[in-house]
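Student: Below is the sequence, then the predicted model.
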Amino acid sequence: MSSMPRTASRTTSLSGSACSLVVCRGCCCGNARKHPGTDHEGQLEVLRAAAAEHGFRIRTTDCLGPCDQANVIVVGPSSAGRRAGGRPTWVGFATDDDSTEEVVRWVAAGGPGVAEPPVTLELQFIDPPKDARVRSRR
């Protein structure tokens, strides 16, 4: 995650109307044995720093379900984005710096319903499982 600043900040909720991220950190996502070349903690640090800087919310969860598409991040729309038709967008295979940075840029620009996602990030959009449940671990 070299091109974005890192911080140990845990401040992750700034506004009830902002976009939100749910970052899977269950059995497969965030697992160094499954993805040994990925800095999972570094990814969370980058996302938390961006949340503090840009005013969006972030939380982690135990498992979102599509383990074969790990790491999974769900991008929730802001209130304005939801009013404009934006819906939660599931991003799979978020295991590298580029995809993490693209998620941050998209959310900082307004996210679902407000800003167009980068084309390369769109290639990582996945369908949520039918029985998706989110259990937060803050």
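Tutor: Arrived safely, thanks for sending. Numbers count the residues shown, from 1 in each chain.
Student: Pull the distance from whichever helix in the chain runs longest to the chain's centre.
Tutor: Within the chain, and with DSSP state H defining each element, the longest helix by residue count is helix 40-54. In this view, helix 40-54 has its centroid 10 Å away from the chain centroid, taken as C-alpha atoms, centre = their mean, to the nearest Å.
Student: how far is the next helix or strand after that helix from where the chain is centred?
Tutor: Reading on from helix 40-54 to the C-terminus, the next helix or strand found by DSSP states H and E is strand 57-61. Strand 57-61 has its C-alpha centroid displaced from the chain centroid by 8 Å (C-alpha atoms, centre = their mean).
Student: Report the beta-bridge partners for the residue nearest the centre of the chain.
Tutor: Note on the chain: the residue nearest the mean C-alpha position is I73, at 3.7 Å, using C-alpha atoms, centre = their mean. Residues found in beta-bridge contact with I73 (criterion: DSSP bridges) are V23, V91.
Student: how about it, what does it touch?
Tutor: In this structure, I73 makes contact with L21, V22, V23, C24, W90, V91, A94, V103, judged by C-beta atoms under 8 Å, 6 or more residues apart in numbering. C-beta here means a position set from N, CA and C on the backbone, and glycine is covered the same way.
Student: any chance of the residues you listed in JSON lines, with pLDDT, distance to P118 and neighbour count too?
Tutor: Written out in JSON lines, the entries for the contacts of I73 read as follows (pLDDT from 0 to 100; distance: C-beta to C-beta, whole Å; neighbours: other C-beta atoms under 10 Å):
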{"residue": "L21", "pLDDT": "96", "distance to P118": "16", "neighbour count": "23"}
{"residue": "V22", "pLDDT": "96", "distance to P118": "20", "neighbour count": "22"}
{"residue": "V23", "pLDDT": "96", "distance to P118": "18", "neighbour count": "25"}
{"residue": "C24", "pLDDT": "94", "distance to P118": "21", "neighbour count": "26"}
{"residue": "W90", "pLDDT": "97", "distance to P118": "16", "neighbour count": "21"}
{"residue": "V91", "pLDDT": "97", "distance to P118": "11", "neighbour count": "25"}
{"residue": "A94", "pLDDT": "94", "distance to P118": "13", "neighbour count": "23"}
{"residue": "V103", "pLDDT": "97", "distance to P118": "9", "neighbour count": "26"}
